[in-house]
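Chemist: Predicted model, plus sequence, below.
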Amino acid sequence: MTGERQAGERHDPGTDGATTAAAWVGRSVRRAGDAAILRGEGHYVADAIAEQNCLHAVFVRSPVAAGVLRAVDVAAGVWALTAADLAGVAGICPTMDRPDYVPVTMPVLAGDAVRFVGEPVAMVLAASPAAALDAAEQVRLDIDRGQPVLSVADAIRAGASQVHDVAFPGDVNTVVDGKLTTPGFAEVFESAPATVTVSCRCARQSALPIETRGSLAVYERATGRVTLTTSTQVPHVTRTGICAALGIPADLLRVVAPDVGGAFGQKMCLAREDIALVYAARLLRRAVAWVETREENLKASWHSREQQYTLTGAFDPDGRLLALRADIGTAHPEVREAVQLPELQAELARWQRDFRPTVEVTGWGDAAAARRLILDCQAAWVAGRGTTGGRGDSC
């Protein structure tokens, strides 16, 4: 029958005149790249590196969480880049459209101080990965160990050490402290017959992709252009950020994201290592490659979560949520789901400590988990299976 197809029948939108976006709705679209990957014919960063005659990079990283970097001692015959060599390269400074946000610039290579275990301090180059590893062992870091800020309590206590040398208008080490209260919150919250408080904490996590991070920067002598093949989820962000850091026009950098062997959000940020690779490729007019080890991925790549929530819900006798008070502290704020609330009071603070920076990673463990827990507690009370439900009860 015209215009009708049996279940499972293949349809190519556009072949029968259906060229609008609606033609794709509800239809199964075959993934284009799966066949090659299933046959073992995928093309990853390591494959691109194998096809190039390139130098190989290894990053010398801080072994301590906090300290003053006094010197980087590079043995004779070892070729290495340090922060002093990258003096004209801008650091990475994230932005947020909030008046209370405190921007913190992260240097490409640590210069005067180190702030977490695994922070890159020097980049060593050699003809092979093994030679680069051997050469990296001949780089000595002179670091005066400091007292790291490891817990939230340490980060915001009076007289706490500042992780970064920036001016904090509010609590020390607090880069954002957002507050929101809807107009009718106080009246609804105070008059509610039942309140339940839930406190929970989500630990720091690592995405652990099968393929670690890796990049290949290839310099084209004829044009001065660099092609960066990198295992990333954000090639456009990567190109924009590197061009801004190096002060070069966008047409001098091409970023290619080949097949990626897992990411889960860990590869959604501009990497300091990629800036260093492109800088080295332009400086030496050669191809430069780097593949992260598993140990590096665990301690130096972006982590996630590390959040603590205290939620207090106000309910009517039937268990309907009337208002929610949320006090959220986090190393990285994540909001994955929305909920309709008549009234809301929320405070979210993000703190700086001597740990690897964080990024949003796919998976369980965010505000939704805490919210569902408080609703489960109240549901148990309504069903007569629990003891919560009075004013000021905890779950």
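Modeler: The structure has been received and is ready for your questions.
Chemist: For the protein, name the helix or strand with the lowest mean pLDDT.
Modeler: Confidence across the helices and strands of the chain bottoms out at strand 393-394, with a mean of 54, counting by mean pLDDT, DSSP states H and E.
Chemist: Surely E190 forms part of a helix?
Modeler: Yes - E190 forms part of a helix when assessed by DSSP: H, G, I helix; E, B strand; the rest coil.
Chemist: number of nearby residues for it?
Modeler: Residue neighbour count, defined by other Cβ atoms under 10 Å, stands at 11 for E190. C-beta here means a position set from N, CA and C on the backbone, and glycine is covered the same way.
Chemist: what's the spacing between it and G184?
Modeler: In this structure, E190 and G184 are 11 Å apart, going by Cβ to Cβ, to the nearest Å.
Chemist: Pull the contacting residues for the closest residue to A167 other than its chain neighbours.
Modeler: The shortest distance from A167 to any residue other than its chain neighbours is 7.6 Å, reached at V102 (Cβ to Cβ, 6 or more residues apart in numbering). In this structure, V102 makes contact with 166-169, 174-176, judged by Cβ atoms under 8 Å, 6 or more residues apart in numbering.
Chemist: switch to 7 Å and redo it
Modeler: Contact partners of V102, counting by Cβ atoms under 7 Å, 6 or more residues apart in numbering, are 166, 168, 175.
Chemist: same thing with R145?
Modeler: With contact taken as Cβ under 7 Å, 6+ apart, R145 is in contact with 64, 67.
Chemist: Write down the beta-bridge partners of it, one by one.
Modeler: In this structure, R145 bridges to G67 when assessed by DSSP bridges.
Chemist: That one and F59: what is the separation?
Modeler: As for R145, its distance to F59 is 20 Å (criterion: Cβ to Cβ).
Chemist: Equivalent analysis for D134, please.
Modeler: When Cβ to Cβ is applied, the distance between D134 and F59 equals 14 Å.
Chemist: Do I have it right that V45 meets T232?
Modeler: No - under the criterion of Cβ atoms under 7 Å, V45 lies out of contact with T232, with a separation of 9.4 Å.
Chemist: so which of the contacts of V102 is the most crowded?
Modeler: Of the contacts of V102, V175 is surrounded by the most neighbours, 20 neighbours in total, counting by other Cβ under 10 Å.
Chemist: from the contacts of V102, which single one is nearest V114?
Modeler: When those are compared for distance to V114 (Cβ to Cβ), V166 comes out closest, at 16.7 Å.
Chemist: where does this structure dip in pLDDT?
Modeler: Within the chain, the stretches with pLDDT under 70 are 1-22, 331-375, 378, 380-395.
Chemist: go with 50
Modeler: Applying pLDDT under 50 to the chain picks out residues 1-11, 13-15, 17-18, 333-340, 385-389.
Chemist: Against which helices or strands is the helix or strand that contains Q308 packed?
Modeler: Using DSSP states H and E, Q308 sits in strand 303-315. Using 3 or more Cβ pairs under 7 Å, 6 or more residues apart in numbering; DSSP states H and E, the elements in contact with strand 303-315 are strand 194-206, strand 321-330, helix 367-382.
Chemist: From E306, how far off is K179?
Modeler: Counting by Cβ to Cβ, the gap between K179 and E306 amounts to 21 Å.
Chemist: what about those two, which has more around it?
Modeler: Counted by other Cβ under 10 Å, K179 and E306 do not tie: E306 has more neighbours, with 20 against 10.
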